[in-house]
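A.B. asks: I'll drop the sequence and a predicted model, then ask my questions.
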Amino acid sequence: MKKYLVVLIALLFATGAFAQEAEKKAPEFKYGFYGIAYGVKGQIGVNEWDYSHVRVKPSFSMGNENVKGVVVFEIDQDLGANAKDYEGNSRSSADNGTDNKDVEVKHAYFEAKNVLIPNFTLMAGLNGFVMPLVADNDYGMAQASYDFGMGKAVFSYLKHEENTLFTQYEDDSTGDTKIKRDDVESYAFQI
């Protein structure tokens, strides 16, 4: 009986020593906050500016060491006197091309690291893309990257709309010429 007891105790110690249970971590929730405020005052000819700008970017992410989802909002607000265009007519208080008085989703994407092989990362969604002297904007995109130690190779597929580019086609049912606004797709490879 003592032999069986000694063997049983030895097996218990062995299983306790060699059993390694993987740590089960709950996904981490992170948040951040970025804010900027500035004022602009100036004049070029009859074109005048006198306004202030406030921009707030709350961000939220959830994930573990290999998979995460990110959402970043942007809240813009321009305040001030109405600016005048080159003809001297009043217009909005800031450049109409900006996101004045608006709440928007700035980034929303999923990222997975170590997919299929170590150091291989896939990302898809709305995110910022920067290629010096070529592009610095937010795009709907898919991206694959491989970190090979002393550098990183990145292949990106960008989807963006250019409203100034269009194609004309003839409607078969009416014979009229119509304009179709096309989306522009871009591919980029960076090392």
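C.D. replies: Now that the structure is in, tell me what you want to look at.
A.B. asks: Only C-alpha atoms from now on, for both contacts and neighbour counts.
C.D. replies: OK.
A.B. asks: Met123 reaches Ala144, doesn't it?
C.D. replies: Yes: counting by C-alpha atoms under 8 Å, Met123 sits close enough to Ala144 to count as a contact (6.5 Å).
A.B. asks: Could you give the number of residues near Gly128?
C.D. replies: Neighbour count for Gly128, taken as other C-alpha atoms under 10 Å: 15.
A.B. asks: Excluding sequence neighbours, find me the nearest residue to it.
C.D. replies: Asp138 (4.1 Å; C-alpha to C-alpha, 6 or more residues apart in numbering).
A.B. asks: Could you tell me which residues make contact with the one you found?
C.D. replies: Asp138 sits next to Lys106, His107, Leu126, Asn127, Gly128, Phe129 when contact means C-alpha atoms under 8 Å, 6 or more residues apart in numbering.
A.B. asks: Please work out the average pLDDT along stretch 118-125.
C.D. replies: Computed over stretch 118-125, the mean pLDDT rounds to 92.
A.B. asks: I meant stretch 77-93, not that one.
C.D. replies: For stretch 77-93, mean pLDDT rounds to 54.
A.B. asks: about what we covered before: next, the residue nearest to Gly128: phi, psi?
C.D. replies: phi -100, psi 130 (degrees, to the nearest 10).
A.B. asks: Check Leu133 too.
C.D. replies: According to degrees, to the nearest 10, Leu133 has phi 70, psi 0.
A.B. asks: Settle this for me: Phe129 is touching Asp136, isn't it.
C.D. replies: Yes: using C-alpha under 8 Å, Phe129 is in contact with Asp136, at 5.7 Å.
A.B. asks: ok so, going back, can you read off the pLDDT for the residue nearest to Gly128?
C.D. replies: 83.
A.B. asks: Please say which of Phe129 and Asp136 ends up with more neighbours.
C.D. replies: Between Phe129 and Asp136, counting by other C-alpha under 10 Å, Phe129 is the more crowded of the two (16 against 11).
A.B. asks: I'd like to check which residues are in contact with the more buried one.
C.D. replies: Applying C-alpha under 8 Å, 6+ apart, the residues near Phe129 are Ala135, Asp136, Asn137, Asp138, Tyr139.
A.B. asks: In the sheet, which residues pair with it? Tell me.
C.D. replies: Asn137 (DSSP bridges).
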